[in-house]
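**Student:** Make a model of this:
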Amino acid sequence: MFIGEYNAVLGEKNRLAIPKRLRDEMKGKSVITRGYEKCLIMFDEKRFIDFMSELNKVPLLKLDLRDTKRFILGGAQEVEFDAQGRFVLSENLKNFADIQEKVVFLGVGEWIEIWDESKWQSKLSYLAENVSDIADRLTF
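**Tutor:** Just a heads-up that it's a prediction; the model follows:
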């Protein structure tokens, strides 16, 4: 399970190093794609296949499914780590998430979110103020 918050810095040529604790949880190939709230999401191969299996339970005739697949799969790229855990972040994904220099990796269970640090700080402030109300609205 991916957990924790880790700071990183985007290097030259859009190189980004995934924190070792998160990298150690990755099994097989890795995929990074557009996420929600203007962050990026990263999966290992098995978790990505599981995620897509859940999406595929929705009939293709539904526009919301087609749009979600366009959003997720259209922006997806396989990631290869070097010996230091670095990978190249594509310009498209960097621009989508408005990533500048400082980056936050956030382990959220089945996936990793990658945020521009200032955007994450804004989101975290919102969550800190509203977490009780958000939890009350959850239905299981």
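
**Student:** C-alpha only now, for contacts and for neighbours.
**Tutor:** Will do.

**Student:** which parts of stretch 20-32 are buried?
**Tutor:** If you call a residue buried by 16 or more other CA atoms under 10 Å, then stretch 20-32 has these buried ones: 22-23, 26, 30-32.

**Student:** same deal with stretch 123-133?
**Tutor:** Across stretch 123-133, burial judged by 16+ other CA under 10 Å covers no residue at all.

**Student:** What residues are bridge-paired with the residue most central in space within the chain?
**Tutor:** Nearest to the mean C-alpha position of the chain, by CA atoms, centre = their mean, lies Ile41 at 1.3 Å. Ile41 has these beta-bridge partners by DSSP bridges: Thr33, Glu113.

**Student:** these two touch, right, it and Glu110?
**Tutor:** No. Using CA atoms under 8 Å, Ile41 is not in contact with Glu110, being 10.1 Å away.

**Student:** mind saving the C-alpha coords of stretch 53-71 as CSV?
**Tutor:** Presented in CSV, the C-alpha positions along stretch 53-71 are these (Å, rounded to 0.1, in the frame of the first residue of the first chain):
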residue,chain,number,x,y,z
SER,A,53,-10.9,-3.6,-14.8
GLU,A,54,-13.2,-1.5,-12.6
LEU,A,55,-13.7,1.0,-15.3
ASN,A,56,-14.4,-1.7,-17.8
LYS,A,57,-17.4,-2.8,-15.8
VAL,A,58,-19.3,0.2,-17.1
PRO,A,59,-20.9,-0.2,-20.5
LEU,A,60,-19.0,1.4,-23.4
LEU,A,61,-22.3,3.0,-24.4
LYS,A,62,-22.0,5.4,-21.5
LEU,A,63,-20.4,8.8,-22.4
ASP,A,64,-19.0,9.2,-18.9
LEU,A,65,-17.0,6.0,-19.3
ARG,A,66,-15.7,7.0,-22.7
ASP,A,67,-14.7,10.5,-21.4
THR,A,68,-13.0,9.0,-18.4
LYS,A,69,-11.0,6.6,-20.5
ARG,A,70,-10.0,9.4,-22.8
PHE,A,71,-8.8,11.5,-19.9
